[in-house]
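**Q** The following block contains a protein sequence and its predicted model.
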Amino acid sequence: MDDERRRRTRVRTAHQALLSADGAEFSVRIQDLSLKGARTGPVPELAAGRECGFNLRLAEDMVISAPARIIRSDADGLALDFLSVNEDGFPHLLRLVQLHYGDAEAIERELSEPAFEP
């Protein structure tokens, strides 16, 4: 997705996440993260167009879970589009993006705009 159409700020991070698809799990390093998706290291077994589960455990009782669609899969990594985010995890995702971006109010303003142009 080109930056002109993107409506969510992406922040660089190096957290580990777990992707799951068809009963298999893949540990990945998150390269960047937004309120709408993530870019991770490559997983050759997962092709663009597939859906997978995304889980980022920040602490024992702090988990960000999202069903996601793989938008891009190549040697550089995966681009994931979150289809939704678990209700308990969204505040943690929001705060994580705010902390890494450094301007909490700017990230809050993004919530009032659609994620992508129709």
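**A** On my side now, so go ahead.
**Q** Do a quick rundown of the helices in this structure.
**A** 90-101, 104-110 (DSSP state H).
**Q** Can you show me the CA trace of the first one as CSV?
**A** Same thing as helix 90-101. Coordinates of the C-alpha atoms in helix 90-101 are reproduced here as CSV (Å, rounded to 0.1, in the frame of the first residue of the first chain):
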residue,chain,number,x,y,z
PHE,A,90,-6.7,-2.8,21.5
PRO,A,91,-5.9,-0.3,24.3
HIS,A,92,-2.5,-2.0,24.6
LEU,A,93,-1.9,-1.7,20.8
LEU,A,94,-3.0,1.9,20.9
ARG,A,95,-0.6,2.7,23.8
LEU,A,96,2.3,0.8,22.2
VAL,A,97,1.9,2.8,19.0
GLN,A,98,1.6,6.0,20.9
LEU,A,99,4.8,5.3,23.0
HIS,A,100,6.8,4.4,19.9
TYR,A,101,5.6,7.4,17.9
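**Q** what's the average pLDDT for that helix?
**A** For helix 90-101, the mean per-residue pLDDT is 92.
**Q** What residues sit buried inside that helix?
**A** When neighbours are counted by 16 or more other C-beta atoms under 10 Å, the buried residues of helix 90-101 are found to be Phe90, His92, Leu93, Leu94, Leu96, Val97, Gln98, His100, Tyr101. Every C-beta, even on glycine, is put in place using the N, C-alpha and C of the backbone.
**Q** In the protein, where's the longest strand?
**A** Longest strand in the chain by number of residues, with DSSP state E as the criterion: strand 62-74.
**Q** And the helix or strand of the chain with the lowest mean pLDDT, what does it pack against?
**A** The helix or strand of the chain with the lowest confidence, counting by mean pLDDT, DSSP states H and E, is helix 104-110 at a mean of 84. Contacts defined by 3 or more C-beta pairs under 8 Å, 6 or more residues apart in numbering; DSSP states H and E place helix 104-110 against helix 90-101.
**Q** which residues touch the helix it packs on?
**A** Residues outside helix 90-101 that contact it (C-beta atoms under 8 Å, 6 or more residues apart in numbering) are 9, 11-13, 33-35, 56, 58, 62-64, 85, 104, 107-108, 111.
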